[in-house]
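Asks: Kindly generate the corresponding structure for this input.
(one chain, ligands or ions: 2)
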Amino acid sequence: MLQNKTVAFLGAGSMAEAMISGIVHDGKIPAKQVIATNKSSHDRLQELSATYGITAVKRDALDYGNIDIFILAMKPKHAEDALSEIKDRLRPDQLILSVLAGISTSFIEERLNAGQQVIRVMPNTSSMIGESATAITPGKHAAMDKVQDAKMLLQGIGGVSIIDEDKMDVFTGIAGSGPAYIYYLVEHIEKTGMAAGLDKALAREIAVQTIFGASKMLMETDTSPTDLRENVTSPNGTTAAGLEALEKNGGGVAIAEAIKGAAERSKEISAELQKTPIPN
Ligand SMILES: NC(=O)C1=CN([C@@H]2O[C@H](COP(=O)(O)OP(=O)(O)OC[C@H]3O[C@@H](n4cnc5c(N)ncnc54)[C@H](O)[C@@H]3O)[C@@H](O)[C@H]2O)C=CC1
Ligand SMILES: O=C(O)[C@@H]1CCC=N1
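Replies: Numbering: from 1, shown residues only. Ligands and ions are numbered 1, 2, ... in the order given. Sure thing, here's the model as predicted:
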């Protein structure tokens, strides 16, 4: 049961805010039992508290003993310092969720006390409205009931899949970073529509509705993306011409390369940070 649990976000940036919004709107945990802390900006914490009704706590005032689930939500480069800060304040029954891109469960486990329960999570910013595609990978010591708690909590921000850790990089490339590709697509549709004389608001509206409609078709019909695409494409028609231009200009390759580039960066972050020796 999550209702009596307390969740603390260590980090109060855009990802933490998106998750806080989703969790609070989901309502499985009362807002007051969601705590946010960050490195230094108390104004930012106050802003989150005012917007979502959560509890804002300065880092040095955090009552570690009363927290069930910690969510690591700082940048990966700050992980090392954050872990050494919390290491000796944790009990073995407290669960650590990490949303840090490229940071493995073993990296975290090695920097905390033996047996600490860790789950790696990759959400995306659509958590804000409960529509994230989230993956989780339990660490070595995460008990089944903790995995269930994490799953239930994260279902409040969208769909959750349990995956093997070696798939986290590509998952990050597709779903963690993915919203940015869609926003980029909309930016380009909007610009092209405007260049052809469409009003900016209308250009955006039709771009968004078209993406939404296509997403809903994929979700609600049993039809494959290939069949759906072919249904739009009349021989020698407008779509065939559009798709030909997309292909000729490397559309498919660009999508694949975006995913691979992000996944590669996730691996690199991991490799860069693994080089630092584990503090005693
Ligand atoms: N932004 C996104 O779309 C996604 C981000 N992530 C991951 O989420 C994490 C956070 O990303 P953003 O929110 O975009 O970053 P951000 O830069 O907006 O926020 C980072 C926060 O961490 C705080 N912080 C730094 N060191 C700390 C410490 N020792 N203790 C407590 N708080 C500390 C900062 O004060 C700040 O509030 C990153 O590791 C990123 O890989 C994961 C999935 C998607
Ligand atoms: O850009 C990043 O590194 C983070 C992780 C996934 C999405 N944003």
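Asks: Identify each buried residue in stretch 99-110, please.
Replies: 99-105, 107-109 (16 or more other Cβ atoms under 10 Å). Every residue, glycine included, has its C-beta placed from N, CA and C.
Asks: Any chance you could list what contacts it?
Replies: Identification of contacts with stretch 99-110 by Cβ atoms under 8 Å, 6 or more residues apart in numbering yields 15, 19, 71-76, 79, 83, 96, 98, 116, 118-123, 137-141, 165, 169, 172, 176, 265-270, 273-274, 278.
Asks: 6 Å instead, please
Replies: By Cβ atoms under 6 Å, 6 or more residues apart in numbering, the residues outside stretch 99-110 that reach it are 15, 72-73, 76, 79, 98, 118, 120-121, 123, 139, 172, 266, 269-270, 278.
Asks: From those, list the ones also adjacent to ligand 2.
Replies: Within the set of the contacts of stretch 99-110, contact with ligand 2 (Cβ under 6 Å from any ligand atom) is found for Thr172.
Asks: Buried only: go through the contacts of stretch 99-110 for me.
Replies: For the contacts of stretch 99-110, a burial check counting by 16+ other Cβ under 10 Å picks out 15, 72-73, 76, 79, 98, 118, 120-121, 123, 139, 172, 266, 269-270.
Asks: just the strands in the stretch 101-250 of the chain please.
Replies: For the stretch 101-250 of the chain, the strands defined by DSSP state E, counting those that start in this stretch occupy 117-122, 132-138, 158-162.
Asks: Take the ones you listed and write them to JSON lines, including mean pLDDT.
Replies: Output for these, formatted as JSON lines (pLDDT from 0 to 100):
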{"stretch": "strand 117-122", "mean pLDDT": "98"}
{"stretch": "strand 132-138", "mean pLDDT": "98"}
{"stretch": "strand 158-162", "mean pLDDT": "98"}
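Asks: Show me which residues of stretch 19-26 are buried.
Replies: Neighbour counts using 16+ other Cβ under 10 Å place 19-24, 26 of stretch 19-26 among the buried residues.
Asks: sec struct for the residue nearest to Met152 when sequence neighbours are not counted, please.
Replies: Leaving aside its sequence neighbours, Met152 sits nearest to Leu2 (Cβ to Cβ, 6 or more residues apart in numbering; 5.7 Å). Classification of Leu2 using DSSP: H, G, I helix; E, B strand; the rest coil returns coil.
Asks: surely Leu2 meets Ile29?
Replies: Yes: between Leu2 and Ile29 there is a contact under Cβ atoms under 6 Å: 5.2 Å.
Asks: For the closest residue to Gly130 other than its chain neighbours, give its distance to Gln155.
Replies: Closest residue to Gly130 apart from its sequence neighbours, by Cβ to Cβ, 6+ apart: Gly22 at 5.0 Å. Distance check for Gly22 against Gln155: by Cβ to Cβ, to the nearest Å, it reads 10 Å.
Asks: got it, and Asp88?
Replies: Taking Cβ to Cβ, one finds Asp88 at 32 Å from Gln155.
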